[in-house]
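Q: Next comes the sequence, and after it the predicted model I'd like to discuss.
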Amino acid sequence: MSSSPPETNIRNCSSTSSSGSEFVTTVDDERGRSLDITGYHGHLSADVVDDLTGMYVTFGYADRAQGLPPLGGDAVRSWLERLGDLGAYHVVVRHDGTPAAHAVLVPDSERDDGTCELAIFVQPDYQGARVGTRTMRVLFAFGRERGVDTVWLHVEKSNAPAVALYERYDFEVVDEHPLEFEMRRELD
């Protein structure tokens, strides 16, 4: 396991935006595409929900893990609303204005100590270009700046690319189930 995550070239950081976001930055993926990453806390605006719903309804069965993202536009909207209710920290990745990825840190409802669950989804056309790597790096910085100390997740054992990504980010398996791992890491 590495001692530090891969480096990412991050440009143009700011703390406010006219869209109501809390964080904006730009990174390049491995194919040279410029990706705008915007961070949000809590409920997303209707425009962002519409954009993410449009992305998620294109996901096939193989692009889903553990029932997420949900199937159908109404279910996606309800899920995004619930994440807002829970006070989630989101980053939305766009290429030329179109969503390419969405990642979220969801506060653990059983704990009040800066522990969040991670979920990350990369649109299939952007997989294999280190978009997930760049997204996680920015999401972790965004969360850390807002008091997130520990991140955990469940990942299907059969999802080798995701398991490898999490291991590069120093996640450790803390529990093993028949079909999935529970992994955890500290952000400090």
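A: Received the coordinates, thanks.
Q: going forward, measure contacts and count neighbours with C-alpha atoms only.
A: Fine.
Q: give me the element the residue nearest in space to the middle of the chain is part of.
A: For the chain, the residue sitting closest to the mean C-alpha position, by CA atoms, centre = their mean, is Ala103 at 1.5 Å. Applying DSSP states H and E as the criterion places Ala103 in strand 98-107.
Q: Check which element follows that strand along the chain.
A: strand 115-122.
Q: Let me know the next secondary structure element after the helix or strand of the chain with the lowest mean pLDDT.
A: Sorting the helices and strands of the chain by mean pLDDT, DSSP states H and E puts strand 10-14 at the bottom, at a mean of 41. The helix or strand immediately downstream of strand 10-14 is strand 23-28, counting by DSSP H and E.
Q: on contacts alone, who are the packing partners of that next one?
A: Here strand 23-28 touches strand 10-14, strand 34-41, going by 3 or more CA pairs under 8 Å, 6 or more residues apart in numbering; DSSP states H and E.
Q: Just say helix, strand or coil for Glu182.
A: Three-state assignment for Glu182 (DSSP: H, G, I helix; E, B strand; the rest coil): strand.
Q: In this structure it contacts Asp175, no?
A: Yes: with contact defined as CA atoms under 8 Å, Glu182 reaches Asp175; the gap is 5.0 Å.
Q: quick one: which of the two has more around it?
A: More neighbours surround Glu182 than the other of Glu182 and Asp175, with 17 against 11 (other CA atoms under 10 Å).
Q: Got the confidence number for Pro70?
A: What the model reports for Pro70 is a pLDDT of 92.
Q: so it touches Trp79, yeah?
A: Yes: in this structure Pro70 lies within contact range of Trp79 using CA under 8 Å: 7.4 Å.
Q: who's more crowded, the two?
A: Pro70 (19 against 15).
Q: Next one: the nearest residue to the more buried one once chain neighbours are set aside, what pLDDT does it get?
A: Beyond its immediate neighbours in the sequence, the residue positioned closest to Pro70 (CA to CA, 6 or more residues apart in numbering) is Val76, lying 5.5 Å away. Here the pLDDT value assigned to Val76 is 97.
Q: Specify the local secondary structure of Val76.
A: Here Val76 is helix, with the state taken from three-state DSSP.
Q: My read is that it contacts Met55, right?
A: No: using CA under 8 Å, Val76 makes no contact with Met55, being 10.0 Å away.
Q: Low-confidence ranges, the chain, go.
A: By pLDDT under 70, the low-scoring segments of the chain are 1-21.
Q: Please report the distance of Ser34 from Gly73.
A: 27 Å (CA to CA, to the nearest Å).
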